[in-house]
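**Student:** How does the following fold in three dimensions:
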Amino acid sequence: MNDTLKINQLVQDYKMAIHTQDESFFKSLWTASPTDTMISITHQYVGLDSIYADFLINRIQKAYQEITLIEDSQPVIHFLDESTAIVIFEYHTECIKRDTLAPYGIQGLETQVVKKINQEWKLAHVHYSK
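**Tutor:** As a prediction, the model looks like this:
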């Protein structure tokens with residue numbers, strides 16, 4: 001499988017991990033570097049434990065009974081070198097609010113920075129924009 005296909009698979013795996021919120025699967029997608037970062041619409045998270053616990057569990061899981069992250073455009077991949085790439089795609093979410101069971105969603109642009117480590121592409125940074 002070439003690098004473009006591997007990165008596209010990483011995007012699909014990330015979407016699945018957001019939906020399932022499985023800790024080991026989610027964390028396996030990241031470099032596990034202390035500098036891994038996520039910028040959500042409202043907050044910044046630094047370090048994989050914070051990204052998982054504070055963003056995915058304490059924000060997403062707490063707010064939504066269900067969440068599905070959907071690509072609205074084919075990811076555009078910009079290779080900076082042989083071990084670093086930027087991935088950009090439009091997205092929307094389909095959610096069910098935990099407190100009201102009402103449907104909810106947002107849309108925007110997602111940017112990911114991915115790094116190749118031991119022949120595997122891993123997330124180093126994710127940024128959501130509205």
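**Student:** what sits against the residue nearest the centre of the chain?
**Tutor:** With distances taken as CA atoms, centre = their mean, the residue of the chain nearest its centroid is Tyr14 (5.1 Å). Shown in contact with Tyr14 (CB atoms under 8 Å, 6 or more residues apart in numbering): Leu29, Leu69, Gln112, Leu123, Val126. C-beta: built from backbone N, CA, C; applies to glycine.
**Student:** Also Asp81?
**Tutor:** In this structure, Asp81 makes contact with no residue, judged by CB under 8 Å, 6+ apart.
**Student:** Identify the bridge partners of it.
**Tutor:** The partner list for Asp81 in beta bridges (DSSP bridges) reads Thr84.
**Student:** Tell me, how many residues neighbour the closest residue to Ala32 other than its chain neighbours?
**Tutor:** Nearest residue to Ala32, sequence neighbours excluded (CB to CB, 6 or more residues apart in numbering): Leu48, at 5.5 Å. Residue crowding around Leu48 was assessed by other CB atoms under 10 Å; the count is 20.
**Student:** for this protein, longest helix please?
**Tutor:** Longest helix in the chain by number of residues (criterion: DSSP state H): helix 3-20.
**Student:** Next one: the residue of the chain positioned farthest from its centre from Thr42, what distance?
**Tutor:** With distances taken from the mean C-alpha point of the chain and given as CA atoms, centre = their mean, the most distant residue is Thr100, at 25.4 Å. Applying CB to CB, to the nearest Å, the value for Thr100 to Thr42 is 20 Å.
**Student:** What separation is there between Cys53 and Ser40?
**Tutor:** Wrong residue type there; residue 53 is Ala, not Cys. Remark: distance between Ala53 and Ser40 (CB to CB) = 14 Å.
**Student:** Please enumerate the helices of the chain.
**Tutor:** Taking DSSP H as the criterion, the chain carries its helices at 3-20, 23-28, 48-50, 62-63.
**Student:** Could you give the average pLDDT over the longest one?
**Tutor:** When you say that, I think you mean helix 3-20. Predicted confidence along helix 3-20 averages 97 (mean pLDDT).
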